[in-house]
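J.: Requesting a structural model of the entry that follows:
(chains A, B, C and D)
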Protein chains: 2
Amino acid sequence: MSKCQHCIVRRFNSFNSLTKEELIRISSCKTTRKIKKGETLFEEGERINGIYCIKEGVCKISKMSENGRNQILNLLKHGDLLGQRSLVSDEVSNLKAVALNDMKVCFIPKEEILSDLEKNPDFTLSILKDMATSLKIADNVIVDMAQKTVKQRLAEVLLKLNTIFHNKNEDVINLKLSREEIANLIGTATESAIRLLSEFKKKNIIEFKGKNIAILNKVELEKIVQGF
Amino acid sequence: MSKCQHCIVRRFNSFNSLTKEELIRISSCKTTRKIKKGETLFEEGERINGIYCIKEGVCKISKMSENGRNQILNLLKHGDLLGQRSLVSDEVSNLKAVALNDMKVCFIPKEEILSDLEKNPDFTLSILKDMATSLKIADNVIVDMAQKTVKQRLAEVLLKLNTIFHNKNEDVINLKLSREEIANLIGTATESAIRLLSEFKKKNIIEFKGKNIAILNKVELEKIVQGF
DNA sequence: CGGTATCTTGATTGGTATCAACTTAAGTGG
DNA sequence: CCACTTAAGTTGATACCAATCAAGATACCG
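T.: Now for the predicted structure:
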């Protein structure tokens, strides 16, 4: 089994604030899971009792709205942590996590991390910084959802996806999302998302390469985000 | 000048995790400000460099959207802390804070708190819990903004305001908000909010008592939130 | 008391959801 | 490997919701 102290993924998250000794201890009690595309890491209402560290793959974090629609709140990839809230709260999860492609994740039980949270202020501060950043991003999303049109939100999401899941070789968003998932990401009906995508395609702003989307005109997308 | 170690406000926030000694030190370097209704505590883009503790009054936390509309993200009252993000981030504020009525706030410079963050894990954990809760609430707001109609959101906000700013004597929301502010809270145009308020009034769900709003039929509001 | 901000209502337009029909792609089992 | 079944994607028509523009009413303030 691979060891946390040698894991490159750690470079991208709060675990790089842990000492070598802490990493060795955590490494000895972690469990590594392989999750197939489409499988659920955890459900809304499930007790997590630990933290997930994503080694490979991408998952969507979503929440059901009262009217039965699914809202995707975040996409997490290698290096991201998942379940920080369970560390400081005894509540069940308010979110659901589903793999968008094959994943490898490490799970570290809550008890193992809690002692570090109390003894290693650097680690706690790092988690705190992460949460503060998430909070800032959430504020921006709220404003977007409340004030921007679906078209603006779609353009914004496409640009964001292009930044995060950009393929080095081709100019393509390297993540397969169904139309429904795109709609759930921007908070609209599937048909609306489809219509706008085909409008963008007609205007040569994007292109469909198999199941993937290529961004042809980033400047135009940025204009659309601004409201033109 | 009043002392932090004797301040009741502290019972409601993370400061109750500080030791008596820490409170005495913080008390000696805090500054107390009186802020008149309508005055700004800080602007978007301003550097805060400290944390505000609200002793009296209510303020709105808002953010300007790119299309020039103002979105109110939160209402803070006595006992609430403000500026936690500045503690762990060197960035300027992404939010604006304006007093909704006359306020008394204590300001504690960042440097004074930082040492406690590193030495007192209880305090850090308490801040962490606060942020985790805020994050959960923010997730809910995102889903609401993305999926619910303006009418649902208005009903929800009225119920929330009634819970938080409920007057003991009368059944009235004890907080004066302009129609524009209500609209900015639910993320809609002022006229839309007005129209829905008058619709609610016509149906005897709410009533206008001077500048305040009284909730007459809570059950009906809850139904509207659910989508009926 | 006049002037200004806030509030209110009406009319219109545009955006988005919804329903329905159809096409294309992806599995699945014989 | 093909025929069948089902899921995903697409397009059109319609209805509803909310933004915007316009005009007037009411409250507020110096």
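J.: How are the helices of chain A distributed by residue range?
T.: Along chain A, the stretches classed as helices by DSSP state H are A:20-29, A:84-88, A:110-119, A:121-147, A:150-164, A:179-186, A:190-202, A:218-226.
J.: Check which helices and strands the fifth one sits against.
T.: If I follow you right, that is helix A:150-164. helix A:121-147, strand A:172-173, helix A:179-186, helix A:190-202, strand A:212-215, helix A:218-226 (3 or more CB pairs under 8 Å, 6 or more residues apart in numbering or on different chains; DSSP states H and E). All C-beta atoms are positioned from the backbone trio N, CA, C, and that covers glycine.
J.: Export the ones you listed as JSON lines, with columns for mean pLDDT and mean neighbour count.
T.: As requested, the helices and strands packed on helix A:150-164 are exported to JSON lines (pLDDT from 0 to 100; neighbours: other CB atoms under 10 Å in any protein chain shown):
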{"stretch": "helix A:121-147", "mean pLDDT": "95", "mean neighbour count": "20"}
{"stretch": "strand A:172-173", "mean pLDDT": "92", "mean neighbour count": "21"}
{"stretch": "helix A:179-186", "mean pLDDT": "98", "mean neighbour count": "20"}
{"stretch": "helix A:190-202", "mean pLDDT": "97", "mean neighbour count": "16"}
{"stretch": "strand A:212-215", "mean pLDDT": "95", "mean neighbour count": "18"}
{"stretch": "helix A:218-226", "mean pLDDT": "96", "mean neighbour count": "16"}
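J.: burial measure for A:T163, as a count.
T.: 11 (other CB atoms under 10 Å in any protein chain shown).
J.: sorry, back to before: make TSV out of the helices of chain A and add distance to A:E170.
T.: Converted to TSV, the helices of chain A look like this (distance: least, CB to CB, whole Å):
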stretch	distance to A:E170
helix A:20-29	37
helix A:84-88	34
helix A:110-119	39
helix A:121-147	28
helix A:150-164	12
helix A:179-186	19
helix A:190-202	17
helix A:218-226	15
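J.: rewinding a little: DNA strand C: which of the helices and strands packed on helix A:150-164 is closest?
T.: Nearest of the helices and strands packed on helix A:150-164 to DNA strand C, taken as CB to the nearest atom of the strand: helix A:190-202 at 3.2 Å.
J.: Wondering if that closest one reaches chain B at all.
T.: No - Helix A:190-202 lies apart from chain B when judged by CB under 8 Å from any CB of the partner chain; the minimum separation is 12.3 Å.
J.: Not counting that helix itself, show me its contacts.
T.: Helix A:190-202 has contacts (CB atoms under 8 Å, 6 or more residues apart in numbering or on different chains) with A:150-151, A:154-155, A:158, A:179-180, A:182-183, A:186, A:206-208, A:213, A:221.
J.: near DNA strand D too, which of those?
T.: When contact is defined as CB under 7 Å from any atom of the strand, these meet DNA strand D at A:179-180, A:208.
J.: Run through the residues of chain A sitting next to DNA strand D.
T.: So chain A meets DNA strand D at A:178-180, A:190-191, A:194-195, A:197-198, A:208, A:211 (CB under 7 Å from any atom of the strand).
J.: near DNA strand C too, which of those?
T.: Contacts with DNA strand C within the residues of chain A next to DNA strand D, counted by CB under 7 Å from any atom of the strand: A:191, A:211.
J.: In JSON lines: the residues of chain A next to DNA strand D, plus distance to A:K136.
T.: Shown next, in JSON lines, are these (distance: CB to CB, whole Å):
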{"residue": "A:S178", "distance to A:K136": "29"}
{"residue": "A:R179", "distance to A:K136": "30"}
{"residue": "A:E180", "distance to A:K136": "28"}
{"residue": "A:T190", "distance to A:K136": "30"}
{"residue": "A:E191", "distance to A:K136": "33"}
{"residue": "A:I194", "distance to A:K136": "32"}
{"residue": "A:R195", "distance to A:K136": "32"}
{"residue": "A:L197", "distance to A:K136": "29"}
{"residue": "A:S198", "distance to A:K136": "34"}
{"residue": "A:F208", "distance to A:K136": "33"}
{"residue": "A:K211", "distance to A:K136": "32"}
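J.: Out of the residues of chain A next to DNA strand D, which comes closest to A:G45?
T.: A:G45 has its nearest neighbour among the residues of chain A next to DNA strand D in A:E180, at 22.4 Å by CB to CB.
J.: Can you tell me how far the closest residue to that closest one other than its chain neighbours is from A:R69?
T.: Distances taken as CB to CB, 6 or more residues apart in numbering or on different chains put A:T190 closest to A:E180, at 4.8 Å, once the chain neighbours are dropped. Here the criterion is CB to CB, to the nearest Å. By it, A:T190 lies 10 Å from A:R69.
J.: Would you reformat the ones next to DNA strand D among the contacts of helix A:190-202 as a markdown table and include distance to B:K30?
T.: Formatted as a markdown table, those follow (distance: CB to CB, whole Å):
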| residue | distance to B:K30 |
| --- | --- |
| A:R179 | 54 |
| A:E180 | 52 |
| A:F208 | 59 |
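J.: out of these, who's nearest A:D90?
T.: The shortest gap between A:D90 and any of these belongs to A:E180, at 33.7 Å (CB to CB).
J.: What lies in contact with stretch A:25-45?
T.: Residues outside stretch A:25-45 that contact it (CB under 8 Å, 6+ apart) are A:1-5, A:15, A:18, A:48, A:52-53, A:55, A:57, A:59, A:63-64, A:82-83, A:92-109, A:112-113, A:116.
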